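1. Prediction below, plus the sequence it came from.
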Amino acid sequence: MTRLAIGFRVKSGFAIAVALRGSAASPSPVARRVVELSDPHVTESRQPYHHGFFTHETDARAIAKRVKVVERCAKQSVAALLADESFAGCRGAALVVGSVIDPASVGNPHIRAHASEGKLFRTVLQSALRSHGIRCDVIVEKQLGVAAAEGLKRGGADITRTVARFGKAIGGPWRADEKAASTAAWLMLRTRSSSA
């Protein structure tokens, strides 16, 4: 059975997932999906630590209610993703995130709200994947290029060309988020093959 890895670019309220199959030496793109981590019918769940535009939420009960919605959505979305045959059989995933900063260390309340949301969406996705027996690595987006070059033993230009070919095979849109997710999946293929 060939290896399958999924890369996710985690955003506020959703993630872009890209699956690759094969080995790190010869990866093949399989599919791309949007994974909802919030409820479109509960708009506050997209930014649960915000209270309106540019203000942070101070009502702990409102936050707790929104977090429960996010947890439910993440579990349901990941279960649906893994039920899709294109994503079935995955044992390793990599999550590309903007930051892993501790929200408690952020002084500005608005920036702290963003940091809290980043942590929330990352951790609920990790938890949902781990409940299906999938190992998760987390990579900060600014470190992805260096990690990929070192882990894949390839130059940046070669990685860029290969990732662009993934996009042509899967089809558009193929933006920065899809490129980051596919690079992370490719790196996970290397990680999985070296640990297997």
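-> Nice, I can see it.
2. helix or strand right after the top helix by length along the chain?
-> In the chain, taking DSSP state H as the definition, the longest helix is helix 60-83. Going down the chain from helix 60-83, the next helix or strand is strand 92-97, by DSSP states H and E.
3. that older thread, which of the residues in the longest helix of the chain are buried?
-> Under the neighbour-count criterion of 16 or more other CB atoms under 10 Å, helix 60-83 has 63, 66-67, 69-71, 73-75, 77-78, 81-82 buried. (Glycine included, C-beta is placed from N, CA and C.)
4. Also stretch 30-47?
-> When neighbours are counted by 16+ other CB under 10 Å, the buried residues of stretch 30-47 are found to be 30-33, 35-39, 44-47.
5. which pair in these spans the largest distance?
-> 30 and 44 (34.0 Å; CB to CB).
6. Dump the buried residues of stretch 30-47 into a markdown table; add pLDDT as well.
-> What follows is those, written out as a markdown table (pLDDT from 0 to 100):
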| residue | pLDDT |
| --- | --- |
| 30 | 97 |
| 31 | 97 |
| 32 | 97 |
| 33 | 97 |
| 35 | 98 |
| 36 | 97 |
| 37 | 98 |
| 38 | 97 |
| 39 | 96 |
| 44 | 92 |
| 45 | 94 |
| 46 | 94 |
| 47 | 92 |
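7. now the angle between strand 92-97 and the helix-or-strand element of the chain with minimal mean pLDDT, please.
-> Taking mean pLDDT, DSSP states H and E as the measure, the helix or strand of the chain with the lowest value is helix 176-195, at a mean of 85. Between helix 176-195 and strand 92-97, the angle comes out at 140 degrees (axes from the mean of the first three to the mean of the last three CA atoms, to 10 degrees).
8. so what does helix 176-195 touch, helix or strand wise?
-> strand 4-10, strand 14-22, strand 27-36, strand 92-97, strand 135-140, helix 141-152, helix 156-170 (3 or more CB pairs under 8 Å, 6 or more residues apart in numbering; DSSP states H and E).
9. Nothing else from me, thank you.
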